[in-house]
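**Student:** need a structure here:
(chains A and B)
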Amino acid sequence: EPEVTQTPSHQVTQMGQEVILRCVPISNHLYFYWYRQILGQKVEFLVSFYNNEISEKSEIFDDQFSVERPDGSNFTLKIRSTKLEDSAMYFCASSEWGLAAEQYFGPGTRLTVT
Amino acid sequence: KNEVEQSPQNLTAQEGEFITINCSYSVGISALHWLQQHPGGGIVSLFMLSSGKKKHGRLIATINIQEKHSSLHITASHPRDSAVYICAVRGADGLTFGKGTHLIIQP
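**Tutor:** The predicted model follows:
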């Protein structure tokens, strides 16, 4: 069964460094998403991406964040100048059509900023 | 901004019991998702609803758009159903998630 994959599973970085989290969505899906979940808290929507551009983003998704689909398979989340409060689990998801459609989640990347 | 409330926050039940988890939201939506988060952190989509009722195996989800309320039911619960169940709603400001219901089914 097709699945969303994410790498790395765990990333440790120092405050102020840039990190790139990678995702490979399901191949025939058109919409891609990033979410984050700070330990012990609820999942939060970051951004949705369609047709090579951001379709929606939350207040959390500020200039520190960017997303890109560098080729036909990868979808990346870049966090510039990481802060301690960026430590969280980051989930990628994809769906065949829009944000109301069923979404398939990746296993997540645990980001630890020290 | 949509407020999503789930109840109960925590639920412990015996194997075989009928389980109900509730979700209410404050602003009209176009769709509601029920998700399951396993102890290891992975998230699985269970249902996406915009009206009525859906059934998949032992799981049933209902939504009442007028009352802004949805329920997730588990029949003949089993220890492997132990997980966090999350309600998420699609509104004008993207997907808003509830805090989740932590369910433990004891053998």
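
**Student:** mind listing what the spatially closest residue to residue B:26 that is not a sequence neighbour touches?
**Tutor:** Excluding the flanking residues, the one nearest residue B:26 by C-beta to C-beta, 6 or more residues apart in numbering or on different chains is residue B:3, at 4.3 Å. Bear in mind the C-beta positions are built from the backbone N, C-alpha and C, glycine included. Shown in contact with residue B:3 (C-beta atoms under 8 Å, 6 or more residues apart in numbering or on different chains): B:25-27, B:96.

**Student:** Low-confidence bits of chain B, can you list those?
**Tutor:** Scanning chain B for pLDDT under 70 picks out no residues.

**Student:** Chain A contacts on that one?
**Tutor:** Taking C-beta under 8 Å from any C-beta of the partner chain as the contact definition, chain B meets chain A at B:30-31, B:33, B:35, B:41-45, B:48, B:50, B:86, B:88, B:90, B:93-100.

**Student:** need the strands for chain A, in chain order.
**Tutor:** Under the criterion DSSP state E, chain A contains strands at A:5-7, A:10-13, A:19-24, A:31-37, A:43-50, A:53-57, A:65-68, A:75-79, A:88-95, A:104-105, A:109-113.

**Student:** a markdown table for those, including mean neighbour count?
**Tutor:** A markdown table is the format used below for the strands of chain A (neighbours: other C-beta atoms under 10 Å in any protein chain shown):
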| stretch | mean neighbour count |
| --- | --- |
| strand A:5-7 | 16 |
| strand A:10-13 | 14 |
| strand A:19-24 | 19 |
| strand A:31-37 | 24 |
| strand A:43-50 | 21 |
| strand A:53-57 | 14 |
| strand A:65-68 | 17 |
| strand A:75-79 | 20 |
| strand A:88-95 | 23 |
| strand A:104-105 | 21 |
| strand A:109-113 | 19 |
